[in-house]
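[1] test case, fold it:
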Amino acid sequence: MIKNILFISAFCLLITNLTVQTCVAKEAGINIARITLRADTLPPTDVMDVISAVVYSTNNFNIETVANLYTPNAVVADDEPPYSWNGPTAGIQWVNAIEQECKNIQLTKLRGTIGAINIYQQRDGNIYIVVPVNYTGLLPGKVRFTANGAFTFVLRMTNGKWLIKSQAWMPQKGM
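    Just a heads-up that it's a prediction; the model follows:
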């Protein structure tokens, strides 16, 4: 009996939530038939291939890896000077800036790792995704370097492939 009551309560909450979302969407003039809601936060493999290429490109400063991953009007923002890069070569400029900063502070063995993704939204030909990343390396005297944060990416489907429209780094201490 208790199981039935709990099931009916949960079902009623679900229906109420969907009804409210539908009413809000109609009032806003949104065609809810065109909205694809994702039940999980796992992006498709081709999207993760692009994101992985960007994150791991700083492991060896390989600009060829990111050369064709950005839209013509892409924007990259990071906490390294000059803080933003624009255009189809934004990724190359960003990798070069990271490499230069590593040389400036004598950081070696820089390695990025991707954490569990909790925020992923896809609608039509657009993706919004927040990717937790942990960077580690060695500073002079074998002092361990760590930088935790997240990249926020917006990707657009362009000529049949996902390209980065924007990429922004947020250090964990800024969250």
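[2] the longest strand anywhere in the chain: which residues count as buried?
    Taking DSSP state E as the criterion, the chain has its longest strand at strand 143-158. Buried positions in strand 143-158, judged by neighbour count with 16 or more other C-beta atoms under 10 Å: 145, 147, 149, 150, 151, 153, 154, 155, 156. Heads up, the C-betas are built off the backbone N, CA and C, glycines and all.
[3] turn those into CSV, including distance to residue 72 and pLDDT.
    Formatted as CSV, the buried residues of strand 143-158 follow (distance: C-beta to C-beta, whole Å; pLDDT from 0 to 100):
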residue, distance to residue 72, pLDDT
145, 34, 97
147, 30, 96
149, 27, 97
150, 25, 97
151, 20, 98
153, 17, 98
154, 14, 98
155, 14, 98
156, 11, 97
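[4] can you list the residues you listed in a markdown table and add distance to residue 97?
    A markdown table is the format used below for these (distance: C-beta to C-beta, whole Å):
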| residue | distance to residue 97 |
| --- | --- |
| 145 | 17 |
| 147 | 14 |
| 149 | 16 |
| 150 | 19 |
| 151 | 15 |
| 153 | 18 |
| 154 | 20 |
| 155 | 21 |
| 156 | 23 |
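[5] nearest to residue 73, of those?
    Nearest to residue 73 among the buried residues of strand 143-158 is residue 156, at 9.9 Å by C-beta to C-beta.
[6] give me the contact list for the longest strand of the chain.
    47, 50-51, 54-55, 71, 107, 110, 125-139, 162-172, 174-175 (C-beta atoms under 8 Å, 6 or more residues apart in numbering).
[7] in helices, which of those fall?
    47, 50, 51, 54, 55 (DSSP state H).
[8] each with direction, which strands does the longest strand of the chain pair with?
    Using DSSP bridges, strand 143-158 pairs in its sheet with strand 126-139 (antiparallel), strand 161-171 (antiparallel).
[9] residues touching residue 107, list them.
    The contact partners of residue 107, taken as C-beta under 8 Å, 6+ apart, are 101, 137, 138, 139, 145.
[10] ok, now how distant is it from residue 143?
    For residue 107, the distance to residue 143 equals 10 Å [C-beta to C-beta, to the nearest Å].
[11] now do residue 165
    Separation of residue 165 from residue 143 (C-beta to C-beta): 37 Å.
[12] same question, residue 55
    23 Å.
[13] how many residues are close by residue 51?
    Residue 51: 23 surrounding residues under other C-beta atoms under 10 Å.
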